[in-house]
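*Asks:* Fold the following, please.
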Amino acid sequence: MPDDAAVARDAAEADAAFSHPAVEPDTTAAYGDHPDQVIDFYAPRGDAEGPAPLVVVLHGGAWRAPYDRRHLTPFADFLARRGFAVANVEYRRGSPIPAQGGTAPVAGRWPETFDDVAAALDALPSLVRDALPSADPRRTVVTGHSAGGHLALWAAARHVLPADAPWHTARPAPLRGVVALAPIADFRAAEELGVCGGACAELLGGAARFDERLPYADPAALLPTGIATTVVQGRTDITVPEAVAEAYADAAAKAGEVVGLTLLEDVGHFPLIDPAADACAVVAEEIAQLAY
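*Replies:* Numbering: from 1, shown residues only. The predicted structure is shown next:
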């Protein structure tokens, strides 16, 4: 268990990250009929000439209903001010009704959470043409934080899903790469550590379905992807500990794939998406390394 000082530091970092006011998008487009099937678009700021790389952002929040894309809008705006075109994706999350005998909302929906991420990525090229003409979809990088980091890794691995998966694609997505921020990237490691109160098992429909559905959802089981991947991880993160990122990197190595692992000293979970934190500038640089 984290000590009191670590818990206090984590709370302070969370307060700092969530202290920024939400930033309204330049435009919003739907990729489906459900109210959560929408994407907010942010045009690149500044004087850069020519089309800008497109950064697809997937928010975290343990796949749970109370946490939506709004908390990531300052981060999306930060990237836009760095010259990127940004697509901030919403998706269906868990029920606001607690699981039986539990006290927290259920994490995610099976299969709707995955349906939405797949549909959003598939719809993006056509949506971008109309909603964000300043973007260059040929230079797309997917990023996500925490549970969104899981979804970013998963979205880049659809071509290695089991053939009977409804989200399976015949070829890799045309991505420059993935930058996963403190991702829930190895479900077994996360469950052993109790990450987000057992959210991984909830996402897969409970302990009885965990092993059955793991090959369809766990990034550590979907390797190698052949797509450039970097994980950015704070070493003092107590929400999704470093051990989860290391387990994913080890799984990648065993599969013959090199995954970049950028470990930030004295950084916890939330500075990675806090525009006022130095860690957020590191994230932007990691995205730029893949995008340009």
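*Asks:* Which parts of the protein are helices?
*Replies:* Assigned by DSSP state H, the helices in the chain fall at 4-17, 73-81, 112-131, 147-155, 187-192, 199-203, 207-217, 242-254, 278-291.
*Asks:* Out of the ones you listed, which is closest to residue 23?
*Replies:* Taking CB to CB, helix 73-81 is the member of the helices of the chain nearest to residue 23, at 3.9 Å. To be clear about C-beta, it is placed using only N, CA and C from the backbone, and glycine gets the same treatment.
*Asks:* what does the closest one contact?
*Replies:* Helix 73-81 is contacted from outside by 20-25, 40, 42-46, 55, 57, 86, 88, 145, 273-275, 280, 284, 287, using CB atoms under 8 Å, 6 or more residues apart in numbering.
*Asks:* Deepest in the core, which of the helices of the chain is it.
*Replies:* When the helices of the chain are scored by mean count of other CB atoms under 10 Å, the highest mean neighbour count falls to helix 147-155 (a mean of 30).
*Asks:* so how far is that one off the chain centroid?
*Replies:* 4 Å (CA atoms, centre = their mean, to the nearest Å).
*Asks:* Which strands or helices does it pack on?
*Replies:* If you count contacts as 3 or more CB pairs under 8 Å, 6 or more residues apart in numbering; DSSP states H and E, helix 147-155 packs onto strand 52-58, helix 112-131, strand 135-145, strand 177-181.
*Asks:* Can you tell me which of the ones you listed is nearest to residue 291?
*Replies:* Among these, the nearest to residue 291 by CB to CB is strand 52-58 (3.6 Å).
*Asks:* Show me what the closest one is in contact with.
*Replies:* Outside strand 52-58, the residues that touch it by CB under 8 Å, 6+ apart are 44, 69, 72, 75-76, 79, 83-89, 91, 117, 121, 124, 128, 132, 134-137, 139-145, 148-149, 151-152, 155, 176, 287-288, 291-292.
*Asks:* May I have it as CSV, with CA atoms only?
*Replies:* Extracted in CSV, the C-alpha atoms of strand 52-58 (Å, rounded to 0.1, in the frame of the first residue of the first chain):
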residue,chain,number,x,y,z
ALA,A,52,-0.5,19.4,-39.2
PRO,A,53,0.0,15.9,-37.8
LEU,A,54,-3.2,14.5,-36.3
VAL,A,55,-3.1,13.4,-32.7
VAL,A,56,-6.0,11.1,-31.6
VAL,A,57,-6.6,11.4,-27.8
LEU,A,58,-8.4,8.8,-25.7
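*Asks:* partners of that strand, with directions?
*Replies:* In the sheet, strand 52-58 lines up against strand 85-89 (parallel), strand 135-145 (parallel) (DSSP bridges).
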